[in-house]
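S.K.: just to be clear, the model below is a prediction. Sequence and coordinates:
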Amino acid sequence: MDWGMKNRMSRIFKPDDGHTVMLAVDHGYFLGPVSRLEKPAETIEPLIPLVDSLMLTRGLLRNCINPKYNIPVVLRVSGGNSIIGGALSNEGITVSMQDALRLNVSAVALSIYVGTDHQHQTLINLANLINAAEDYGIPVLAVTAVGKELEKRDARYLSLSCRIAAELGARIVKTYYCEDFEKVIESCPVPVVIAGGPKMKSELDVLEIAYNAMARGAKGVDMGRNIWQSEWPQAMASAISSIVHKKASVKQAVDLFNSLKNRGR
Ligand code: R5P
């Protein structure tokens, strides 16, 4: 790995433990002004000191994030559809490598939709993006997207998707936590981070998933809605970070969450 690639990876995965808390706020690229992200700066800014990187689009980065923040950026570079249009899987690459460099990103991220009508198209998107990004030492994060088909989130499907992404050259893979998650980890030779998915019933459910994913070999989380759609987003970000970076148990994370929540943070 060249210096630039190593440096970008170590900005995302903290050198002390090799783990990361990414804050995913890229949802608007197909969901528009999703709940609690209508005014992105108001939601994102208080969370910046509590997470290790931001995953977002160039439009949000340029317009809503003050460049004074020294936070690594994982730039969403795929899209081309919307929640009210045709197949969500019908994505292309939306950002040039030159613009990603101009934005000083630490990684670029793109979704693949294995098993859909657009499998070939999105896998070739990934390969093309990796070819371009590797020239400049920029890691590519592949998102194993399931679109609206949330029931696809099982170990068999996710192992297949993660492994294909890694074989094509993704440096980081983002997937979902699932039963037998260790099988996904064992068969994927690059670091895996987990998304949170739609908001869960309770904070405890989210903290349990983060804990179980880390215990089974994930290198971190790339979560969105379960942090910023919480009534207490800062407390959630801190509690998740305690699991990812401080080896907190679920109980310790819940206690931290409750104490921060009671202090109104
Ligand atoms: C999809 O909109 C994006 O890839 C999100 O970054 C990803 O789903 C993670 O966000 P959440 O935890 O809200 O699922």
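M.R.: Yep, it's here.
S.K.: can you give me the buried ones in the longest helix seen in the chain?
M.R.: Taking DSSP state H as the criterion, the chain has its longest helix at helix 119-135. For helix 119-135, a neighbour-count test (16 or more other CB atoms under 10 Å) marks 121, 122, 123, 125, 126, 129, 130, 132, 133 as buried. For glycine as for every other residue, the C-beta is placed from the backbone atoms N, C-alpha and C.
S.K.: now do stretch 28-37
M.R.: Under the neighbour-count criterion of 16+ other CB under 10 Å, stretch 28-37 has 28, 29, 30, 34, 36, 37 buried.
S.K.: stretch 93-101 now?
M.R.: 93, 94, 95, 97, 100.
S.K.: ok so, going back, can you name the next helix or strand after the longest helix of the chain?
M.R.: As assigned by DSSP states H and E, the chain's next helix or strand after helix 119-135 is strand 140-144.
S.K.: any part of the longest helix of the chain near the ligand?
M.R.: No. Judged by CB under 6 Å from any ligand atom, helix 119-135 stays clear of the ligand, getting no closer than 12.9 Å.
S.K.: could I get the CA-only coordinates of that helix as CSV?
M.R.: Only the C-alpha atoms of helix 119-135 are listed here, as CSV (Å, rounded to 0.1, in the frame of the first residue of the first chain):
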residue,chain,number,x,y,z
GLN,A,119,-25.9,-6.3,-10.7
HIS,A,120,-23.6,-6.2,-13.7
GLN,A,121,-23.9,-2.4,-14.1
THR,A,122,-23.2,-1.7,-10.4
LEU,A,123,-20.3,-4.1,-10.2
ILE,A,124,-18.7,-2.6,-13.3
ASN,A,125,-19.3,0.8,-11.7
LEU,A,126,-17.3,-0.5,-8.7
ALA,A,127,-14.5,-1.8,-10.8
ASN,A,128,-14.2,1.4,-12.8
LEU,A,129,-14.2,3.5,-9.6
ILE,A,130,-11.5,1.4,-8.1
ASN,A,131,-9.4,1.6,-11.2
ALA,A,132,-9.6,5.4,-11.1
ALA,A,133,-9.3,5.7,-7.3
GLU,A,134,-6.3,3.4,-6.9
ASP,A,135,-4.3,5.7,-9.3
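S.K.: how far does that helix sit from the chain's center?
M.R.: Per CA atoms, centre = their mean, to the nearest Å, the displacement of helix 119-135 from the mean C-alpha position of its chain is 18 Å.
S.K.: run through who's touching it.
M.R.: 5, 77-78, 89-93, 97, 100, 108, 110-114, 116, 139-140, 142, 164-165, 168-170 (CB atoms under 8 Å, 6 or more residues apart in numbering).
S.K.: now, of those, which are buried?
M.R.: Buried among those (16+ other CB under 10 Å): 5, 77-78, 89-91, 93, 97, 100, 108, 110-114, 116, 139-140, 142, 164-165, 168-170.
S.K.: ok, for whichever residue of the stretch 1-150 of the chain sits closest to the ligand, nearest residue in space, not its chain neighbours?
M.R.: The nearest approach of the stretch 1-150 of the chain to the ligand comes at residue 24, 3.2 Å away (CB to the nearest ligand atom). Residue nearest to residue 24 in three dimensions, not counting chain neighbours: residue 224, with 3.5 Å by CB to CB, 6 or more residues apart in numbering.
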